[in-house]
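Q: let's see this in three dimensions:
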Amino acid sequence: MSTRTDRVAEAGAPVPDRAASRGLPARLTTRTARTRLGTLAGAALLVVLVWRLGTGAFLDGLRRIDGPALLAALGIGLVTTVFSAWRWALVARGIGIRLPLGPAVADYYRALFLNAALPGGVLGDVHRAVRHGQSTGDLGRGVRAVVLERTAGQLALFVAGGVVLLTAPSPVRDEVRHAALPAALAALAALGACAVVLALRMNRAPARRGRALRGVLAEAREGLLSRRNAPGVLVSSAVVLAGYVAMFVLAARVVGAGASVPELLPLAVLALLAMGLPLNVGGWGPREGVTAWAFGAAGLGAGRGLSVAVVYGVLSLAASLPGVVVLVARWYAGLRAGARSAPASPGARRGGYPGPPPSTAPVASAASAASPSVVSSEKYAPKESARLASSFFPFSAEPSEGRPMTPESV
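A: Numbering: from 1, shown residues only. Take a look at the predicted model:
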């Protein structure tokens, strides 16, 4: 029995594309659609901020950035990048992948610059995950190493942010305290439900899928919670988070905010939490909106908060600029490696194909004069130039022992 698609094809009508026939909800759930929607949402938020607060807050923050501030940002960025790369190397070693600290720092700088320069804010992490997986010959494990490393950083931010927002004076402390118990109960209930669903799926799933899932959980335990890796992951996450807060305090000092560090700490945590939302343009959008609201609620001025967020974004971009050097250096190294590996011959460099040796022409003339049979065989025999030229192709020109012609490497 022919299907509907076969009958339509036999009738000569065009077969409808399944991707094109999907509904709007299905199209909006694709990864590309989510990235574009997040970028549009971040751009819309920036437009609203400019409309409500004017361009003065943006321009005032940019005018106040000077050389010492940029040098301080580069120093803070160096510390946070080295410790982030160390955390990545620890996690990779825990799941069985070798990652030296030097290449890890270079790749992390490149990822930070791509995150800041490209929409979405995560394309740099995707790039380093794929490149590291391809270089080690295990793409899945390389991607999981980056996911676990980023998860460790986010968990450290959530835990430290929850403690700061519950204890330190902030515009949202009362709201957080009122919502802390229901949120904790909801989180525990969701965690329990996920555990039940995971157990059921592991029992009902095929053996191969169950083994893969248990392997992923074992890698997460070894990469983050093992006795060998847990102290280093904890220390590196704390140092990286402290560096982000120091960058925020530096931005506030550049703008001229007179608040003390304890007053700026909960505001910095709110800004860092907002940066994790996937509704941004290279990290811009939610950070500026939340910082403007938090500064306004704290009595420091929404416009000044927007200036602090703008300066923080510029300083973060400046701290990631060594990633440009890494990109250029890797590109140039790739060009040199390609030039060294390209096949070349003396004849090809002169612009022609290699011809027969000079001594072959007299010998051939003498042989042709001595015997007509030699002339016939010489006429139809393959020339030396043809035999030499055949070595430049991946397939052999002459079969041997009655077997079909195969590539030279085989």
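Q: may I have the phi/psi pair for residue 284?
A: phi -90, psi 140 (degrees, to the nearest 10).
Q: distance of it relative to residue 122?
A: 14 Å (C-beta to C-beta, to the nearest Å). Backbone N, C-alpha and C define where each C-beta goes, glycine included.
Q: so the residue nearest to residue 50 when sequence neighbours are not counted is in which element?
A: Leaving out its chain neighbours, the residue that sits closest to residue 50 by C-beta to C-beta, 6 or more residues apart in numbering is residue 58, at 7.1 Å. Using DSSP states H and E, residue 58 maps to helix 56-63.
Q: show me what the one helix or strand residue 328 maps to is packed up against.
A: Element membership for residue 328 (DSSP H and E) is helix 322-341. Other helices and strands packing on helix 322-341, by 3 or more C-beta pairs under 8 Å, 6 or more residues apart in numbering; DSSP states H and E, are helix 67-94, helix 101-117.
Q: same list, these, but as JSON lines with mean neighbour count please.
A: Listed next are these as JSON lines, based on neighbours: other C-beta atoms under 10 Å:
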{"stretch": "helix 67-94", "mean neighbour count": "20"}
{"stretch": "helix 101-117", "mean neighbour count": "21"}
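Q: and the helices in the stretch 251-400 of the chain?
A: Applying DSSP state H, counting those that start in this stretch to the stretch 251-400 of the chain gives helices spanning 261-275, 286-297, 302-319, 322-341, 346-349, 360-370, 372-380, 384-390.
Q: just the CA trace of the longest one, in CSV.
A: Right, helix 322-341. This file holds the C-alpha atoms of helix 322-341, laid out as CSV (Å, rounded to 0.1, in the frame of the first residue of the first chain):
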residue,chain,number,x,y,z
PRO,A,322,43.3,38.9,24.8
GLY,A,323,40.9,36.4,23.2
VAL,A,324,41.4,38.4,19.9
VAL,A,325,45.1,37.7,20.2
VAL,A,326,44.3,34.0,20.6
LEU,A,327,42.0,34.0,17.6
VAL,A,328,44.6,35.7,15.4
ALA,A,329,47.4,33.5,16.6
ARG,A,330,45.4,30.3,16.0
TRP,A,331,44.3,31.5,12.6
TYR,A,332,47.9,32.3,11.6
ALA,A,333,49.1,29.0,12.9
GLY,A,334,46.5,27.2,10.9
LEU,A,335,47.6,29.0,7.7
ARG,A,336,51.2,28.0,8.3
ALA,A,337,50.3,24.4,9.0
GLY,A,338,48.2,24.3,5.8
ALA,A,339,51.1,25.8,3.8
ARG,A,340,53.5,23.2,5.1
SER,A,341,51.2,20.3,4.5
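Q: compute the inter-axis angle for that helix and helix 67-94.
A: 60 degrees (axes from the mean of the first three to the mean of the last three C-alpha atoms, to 10 degrees).
Q: what angle do helix 322-341 and helix 101-117 make?
A: Using the same axes, to 10 degrees, helix 322-341 lies at 120 degrees relative to helix 101-117.
Q: could you give the mean pLDDT of stretch 239-256?
A: Stretch 239-256 shows a mean pLDDT of 94.
Q: show me what counts as buried in the helix or strand that contains residue 240.
A: Element membership of residue 240, judged by DSSP H and E, is helix 230-255. For helix 230-255, the neighbour count (16 or more other C-beta atoms under 10 Å) marks 230, 232-233, 236-237, 239-241, 243-255 as buried.
Q: which residues sit in contact with residue 54?
A: If you count contacts by C-beta atoms under 8 Å, 6 or more residues apart in numbering, residue 54 has them with residue 303.
Q: what residues sit buried inside stretch 324-332?
A: Result for stretch 324-332 [16+ other C-beta under 10 Å]: buried residues residue 326.
Q: let me redo that: stretch 255-264
A: Neighbour counts using 16+ other C-beta under 10 Å place 255, 257, 259, 263-264 of stretch 255-264 among the buried residues.
Q: can you check stretch 125-134 too?
A: Neighbour-count burial for stretch 125-134 [16+ other C-beta under 10 Å]: 125-129, 131-133.
Q: so what's residue 319 closest to, chain neighbours aside?
A: Closest residue to residue 319 in three dimensions, ignoring its sequence neighbours and counting by C-beta to C-beta, 6+ apart: residue 77, at 2.6 Å.
Q: and residue 44, what pLDDT?
A: Residue 44 is given a pLDDT of 76.
Q: whoops, I mixed them up, residue 273
A: 89.
Q: OK, contacts around it?
A: Contacts of residue 273 by C-beta under 8 Å, 6+ apart are 157-158, 161, 290.
Q: could you save the residues you listed as TSV and add columns showing distance to residue 92, secondary structure and neighbour count?
A: Output for those, formatted as TSV (distance: C-beta to C-beta, whole Å; DSSP: H, G, I helix; E, B strand; the rest coil; neighbours: other C-beta atoms under 10 Å):
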residue	distance to residue 92	secondary structure	neighbour count
157	21	helix	19
158	23	helix	13
161	26	helix	18
290	33	helix	21
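Q: farthest-separated two in those residues?
A: The largest separation in the contacts of residue 273, counting by C-beta to C-beta, is between 158 and 290 at 15.5 Å.
Q: ok, the residue nearest to residue 50 - how many residues close by?
A: 20 (other C-beta atoms under 10 Å).
Q: repeat that for residue 50.
A: If you count neighbours by other C-beta under 10 Å, residue 50 ends up with 15.
Q: quick one: it from residue 147, how far?
A: 35 Å.
Q: residue 322 now?
A: Residue 322 is 24 Å from residue 147, by C-beta to C-beta.
Q: more neighbours: which of those two?
A: Neighbours of residue 322 and residue 147, each counted by other C-beta under 10 Å, are more numerous for residue 322; the result is 20 against 16.
Q: next one: the nearest residue to that one once chain neighbours are set aside from residue 65, what distance?
A: Excluding its sequence neighbours, the residue lying closest to residue 322 (C-beta to C-beta, 6+ apart) is residue 109, at 4.7 Å. Computed as C-beta to C-beta, the residue 109 to residue 65 distance reads 21 Å.
Q: next one: residue 155
A: 32 Å.
Q: and residue 91, by the same measure?
A: Using C-beta to C-beta, which is the criterion applied here, residue 91 is 34 Å from residue 65.
Q: tell me where the model's unsure across the stretch 101-250 of the chain.
A: 120, 171-172, 174-213 (pLDDT under 70).
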